[in-house]
Every structure is written in C-alpha cells, then in structure tokens.
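Student: Starting from these lines, generate the structure:
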Amino acid sequence: MNLIVSHLAEARAAVAAARRQGRTLLLVTEPGACARLGPGYLLEMMRQAGCDGTTARALIDCGPDAGFAILALRLGWKDIHLSGTPETTKRIAQMTKAAGARFHAELPPDLETPARLAVDQSQ
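Tutor: Numbers count the residues shown, from 1 in each chain. This next block holds a predicted model:
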C-alpha cells in the first residue's frame, strides 16, 4: 500500500493499520510539504509514526528542489523523489545510490490518501 500523508496522526494510523493487516506500507510526503516543513521535520514525523524501514518506509517528495534532496540525504532519508531537470535528477540519483538510499524517478502510480482510515487528531 502506498499512501500520501500530511500529518503525524494520519501517518500513525496508516502504520498501525498496516501492522494489523500484516502489509507493507510506503508513506509519501504530500506535495509541497518538503518546502513548507523541511526534510528534518518530516523525517521526525515519519519516525514518530513508526516507519521502521521494514513494515513501513517513508518517501520524501522534494519537488523540483535539489537542495531539499541533498539535505534529506544528509539527514538520513532512505527514499527520495525529485522532479527536477534530467541532469539534476541524474546527479541526485547518483548521490542517493552512493549514500545507500533509493532514488524514485517517479512517485508510485497507485498513491492513495488515508481518508478511509479513522484518524485520531489528538495524537
């Protein structure tokens, strides 16, 4: 299952549901979140949600900004998407591979929103 998440409560609910169902999960940051909140904040949100690299992984959508992608790598993100120019994405893909992370040239085509999950906003 691949979900776009925008806040911690959604991410926690999605990880909990995936664990209950015995499914693997890829959480993707919503478009624009990287520029709005920063890779550090988003990484901590995903950690607190329970992304452990096995049952649940987190993918940061850096939009077209290579600077965010580089920062995300330095902070420890393991799955990175960048929608920049071909030359820039090629360089970021090489850096990502060298760092032992995964570069996603495209976002998963089957992205869903967690609207069907019951989300407790108090968490």
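
Student: where does this structure dip in pLDDT?
Tutor: 115-123 (pLDDT under 70).

Student: Please enumerate the strands of this structure.
Tutor: 2-5, 25-29, 56-61, 79-81, 102-104 (DSSP state E).

Student: so what strands line up beside the last one?
Tutor: For strand 102-104, the paired strands and their directions (DSSP bridges) are strand 79-81 (parallel).

Student: Any chance you could list what contacts the strand it pairs with?
Tutor: 26, 28, 57-62, 69, 72-73, 92, 96, 101-107 (C-beta atoms under 8 Å, 6 or more residues apart in numbering). C-beta coordinates here come from the backbone N, C-alpha and C atoms, glycine included.

Student: Please tabulate the strands of the chain in a markdown table, including the columns distance to residue 46 and mean neighbour count.
Tutor: Converted to a markdown table, these look like this (distance: least, C-beta to C-beta, whole Å; neighbours: other C-beta atoms under 10 Å):
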| stretch | distance to residue 46 | mean neighbour count |
| --- | --- | --- |
| strand 2-5 | 8 | 22 |
| strand 25-29 | 6 | 23 |
| strand 56-61 | 4 | 23 |
| strand 79-81 | 10 | 23 |
| strand 102-104 | 15 | 17 |
